[in-house]
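**Q** next comes the sequence, and after it the predicted model I'd like to discuss.
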Amino acid sequence: MNEPKGLFKHKFILILTIFSFVAASAEGIVFYPDDDAFFKFLMVLQNSISAFAFRPSIGLRDAMQKMVEDPNTVRMVICYAYGLAVFTAPYCTVAAVYRLLENMLRFAFRIRKSKGGKMTTLFGYNEEVKTLINDFIKTADKDSFLYVVTDKEISSDERFELSKHNCFVSTLDMTVLTPEQAEREFKKLHIDRAETLILFDESSLKNFSVLRMFRMGNEETGVALMSGAKVICRCEDEGMSKLVEDYYDSRRGGRFAFDLETVSLPELQVYKLYNDVPLHTFYLNSDKNLSEWNIRMLVVGFGETGRQAVLKAMNLGVVSVGNSIVIDVFDLDGNNKLDIFANTFGEGTFHKDNNSLIMDSDTADGRLEINFHSINVRSRRFIETVEANDRISPYTYAFVSIGDTSASVDCVMQLNRYFSSKVGVKTPVILRSDDNPMIADYIAGNDTIFSDIRIMEKRSDILSLDLLMGKRFDSEAKNFNKLYHNINIVSDGGDFANDNFDAERAWLETKLFKRASSRAAAYHEPIKQVVIDRLAHELNVDLDKKIDELVGKNGSLFIDTGSAWRLNGSESDVLERLTEDDFAYEIASMEHRRWCCYMVSAGWTFGERSDILKQNPCLVTQDRLVKTAPDMCKYDVMSLMARYRSFNN
């Protein structure tokens, strides 16, 4: 049903109703005698109300007779207006009843229709949730429906407006419901048919409480979700995030399996930034070899966004087996934040040297160093330190994330002035704009002074259902997980095609940290494709031909069976061919280094395999891996398999 048009439009009806009521009241005032003011008031009111009920107390003949008895301009205007009101008042009543019935029918129609559409359930009601609702309204098709569950009171007008766009609001405080009550309420919301459930309250504890109401594993209690449903749980607190992951991993899989992902807004924002402006942007138009693509990053401000920028750079900054990644952090409380940040990493992966964290050389190839400076960015010492560091090795990326608007503007002006004075490739300078949107808009629109300053998109601008669900990266992550399982199955089970492999089931039975590892590989994949192209150019090889030679139907390393790959010979034979091929070994070595850096950023250390202790025996350099775990090297060429498969499809 569409909005009423023309004579049934809401504003027109409202104006007509006011006119009818005023005209009927005016006629009553001049018609009834003035003997008793109280009864006159009641009779005027009675006539005005009766006019809307099709039975006015004052008839048209009586009104006309009164006008004839005492003819004057005012009485004539009132009488003629009343004559119109006798007919417009009932029309207003009909229109009101029509709109009421229309609204009821529309609501019932949408509720009924939603039983057959795509459903998303969203828990919470805050500014971020409102952004997601608006995104749904703009992008969803007519067969998509959004249910919002909140403990906040939402006005009936707002509920109705949302219902027009297939958004339905239920007011429930999930934290006080018993399991039986929750199950009854969820059934009303058809939650068992929701493809995606988003737990997005500001409180991570509330989100965890809702998560615990869902049935998991082979439990017989709780609310059953659609098998394979995607559940996104917002956890801004690292401790709560670990608790949620531990809870899920201990119960995952089984009969009631759903896909869980924990997210935080700073993490999503940083991923979006690095996707738009990659860390290797400085080198994209240069003629330097990959081995010279050294990353030197400047991070000003070490709040949660700055912290995420550093952690994600450990994964996304790897472009070769040996390129260095040096990150300089400037913060007023740098020394204290260094000590806290050091607890992110497991013992033995980094060693502290004065105000620096340096990755141990036995943990991974290449150089990874994080330096902390306790400096006020407004001081002269800040830019002097930047200039001194830049002379040692040039900065290739700068990220300013300060809450103080004045300090952030002063900082980007200093950096912009310094980097603009250099001849050659420009260093990207990015300003986080959440805390100072007006200043950010001005800087973004200034093509003279701030032409080289880029603005990090605000959370309110980037937040969308598509980004939150991460469909693209989820698909690539599942593909890597499938490749891993396919190689593993064929290697262990012999020479056969894995036609019956259920990739979705395998994904749901995989622990969260392994899913996160696959997602990290998926986020790095666009960088890896740049690296593969550049490396093929440096080694002067035909890329398509080379990949087919390595992992095609007659591949020297893997033979494509159509649905899986099998080793071309024994593990030792394949390893020998891999190490002898410069192209393949460089890609494998780079990928292993990237994996090591990611695992370290997630708190893992070297040791006997243990998920509880976060230990893995493969957290070593490539040379040591070849000697201690040669059977694991084959998994580091999966990007070539993914490239081969995408080309052939």
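**A** Received it, and whenever you're ready, just let me know what you need.

**Q** can you show me the strands along the stretch 301-450 of the chain?
**A** Using DSSP state E, counting those that start in this stretch, the strands of the stretch 301-450 of the chain run over residues 325-330, 350-353, 356-359, 368-373, 397-400, 429-432.

**Q** tell me who's in contact with the residue nearest the centre of the chain.
**A** Residue closest to the average C-alpha location in the chain (C-alpha atoms, centre = their mean): residue 468, at 2.6 Å. By C-beta atoms under 8 Å, 6 or more residues apart in numbering, the contact set of residue 468 is 132, 198, 232, 263, 268. Any C-beta I mention is one placed from the backbone N, CA and C, and that applies to glycine too.

**Q** model confidence for it, exactly?
**A** Looking at residue 468, its pLDDT stands at 84.

**Q** with distance to residue 606, mean pLDDT and mean neighbour count added, can I get the strands of the stretch 301-450 of the chain in a markdown table?
**A** As requested, the strands of the stretch 301-450 of the chain are exported to a markdown table (distance: least, C-beta to C-beta, whole Å; pLDDT from 0 to 100; neighbours: other C-beta atoms under 10 Å):
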| stretch | distance to residue 606 | mean pLDDT | mean neighbour count |
| --- | --- | --- | --- |
| strand 325-330 | 19 | 97 | 23 |
| strand 350-353 | 12 | 93 | 14 |
| strand 356-359 | 12 | 96 | 19 |
| strand 368-373 | 15 | 97 | 22 |
| strand 397-400 | 29 | 96 | 25 |
| strand 429-432 | 34 | 90 | 24 |
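
**Q** let's have the ones you listed in TSV, adding distance to residue 529.
**A** Below are the strands of the stretch 301-450 of the chain laid out as TSV (distance: least, C-beta to C-beta, whole Å):
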stretch	distance to residue 529
strand 325-330	20
strand 350-353	30
strand 356-359	26
strand 368-373	23
strand 397-400	20
strand 429-432	23
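
**Q** so which of these comes closest to residue 612?
**A** Of all the strands of the stretch 301-450 of the chain, it is strand 350-353 that lies closest to residue 612, at 21.4 Å by C-beta to C-beta.

**Q** how distant is the closest one from the center of its chain?
**A** Strand 350-353 sits 34 Å away from the centroid of its parent chain (C-alpha atoms, centre = their mean, to the nearest Å).

**Q** neighbours of residue 269, how many?
**A** Residue 269 sits with 25 neighbouring residues when counted by other C-beta atoms under 10 Å.

**Q** circling back: from residue 396, how far off is the residue nearest to the centre of the chain?
**A** 30 Å (C-beta to C-beta, to the nearest Å).

**Q** also residue 40?
**A** 87 Å.

**Q** more neighbours: the two, which one.
**A** residue 396 (21 against 16).

**Q** quick check, that one in contact with residue 286.
**A** No. Using C-beta atoms under 8 Å, residue 396 is not in contact with residue 286; the gap is 10.3 Å.

**Q** contacts only, for the residue of the chain most remote from its centre.
**A** What lies farthest from the middle of the chain is residue 69; by C-alpha atoms, centre = their mean that is 76.3 Å. When contacts are counted by C-beta under 8 Å, 6+ apart, residue 69 touches no other residue.
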